[in-house]
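Enquirer: the following comprises the amino acid sequence and a computationally predicted model.
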Amino acid sequence: MSSKQFINKSMKNWDSSDPHDWSEKMKVSTVLKEKFHYYCVYDRTLFVDKYNFTFSDKHPQILTKEEIQQKYWIFKPDIWIKSHNIIIEIDGLFHFNTAKGIKQTNHRNEIYEYMGVKFVWFTTEFVKTAEMNDIYQQLKARL
């Protein structure tokens with residue numbers, strides 16, 4: 001089995017509630033809290049209207065599952081700073097080394113741009129190896 005096949009197979013059975021990147025999220029959120037006084041929400045599902053790019057974390061209860069899929073894009077950002085309209089994603093290899101991952105990531109990033117949020121994108125590898133001050137400097141430059 002090639003590494004690409006392994007990644008595709010593992011992502012197919014991946015449980016999105018798995019806290020595989022929890023330490024990276026905590027590292028970034030610690031910097032956000034200590035240096036910027038921003039408080040984070042983790043893995044919150046956002047419903048983005050496909051026609052006007054407005055979004056909410058409230059589930060559209062009156063719609064069927066099919067209607068929701070027709071009307072909304074559904075995203076689960078790693079970190080959302082609701083009070084400042086900021087989304088931070090910390091992405092691993094799947095987002096960069098498979099055609100499917102690249103396509104999905106590019107689509108997600110484009111939608112975030114259209115939503116009008118401040119969007120910061122890190123690689124998992126950067127966050128794992130970076131010092132807190134390096135993360136602070138990157139956030140300071142992007143926010």
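Expert: It's in. Numbers count the residues shown, from 1 in each chain.

Enquirer: all contacts plus neighbour counts: C-alpha atoms, from now on.
Expert: Fine.

Enquirer: all helices for this structure, in order.
Expert: In the chain, the segments counted as helices under DSSP state H are 3-12, 22-31, 65-71, 94-97, 99-115, 124-129, 132-142.

Enquirer: please identify the most buried of those.
Expert: helix 22-31 (a mean of 18; mean count of other CA atoms under 10 Å).

Enquirer: from Phe53, how far out is Glu125?
Expert: 31 Å (CA to CA, to the nearest Å).

Enquirer: got it, and Phe94?
Expert: Look at Phe94 and Phe53: by CA to CA, they are 26 Å apart.

Enquirer: equivalent analysis for Gln137, please.
Expert: As judged by CA to CA, Gln137 and Phe53 stand 30 Å apart.

Enquirer: can you report how many residues neighbour Glu34?
Expert: 11 (other CA atoms under 10 Å).

Enquirer: shaky segments in this protein?
Expert: Of all residues in the chain, those with pLDDT under 70 make up the ranges 1-19.

Enquirer: now do the same contact list for the residue positioned nearest the centre of it.
Expert: Centroid-nearest residue in the chain, with CA atoms, centre = their mean: Pro77, separated by 2.9 Å. By CA atoms under 8 Å, 6 or more residues apart in numbering, the contact list for Pro77 reads 42-46, 87-89.

Enquirer: cool, Asp21 as well?
Expert: So Asp21 contacts Thr124 (CA under 8 Å, 6+ apart).
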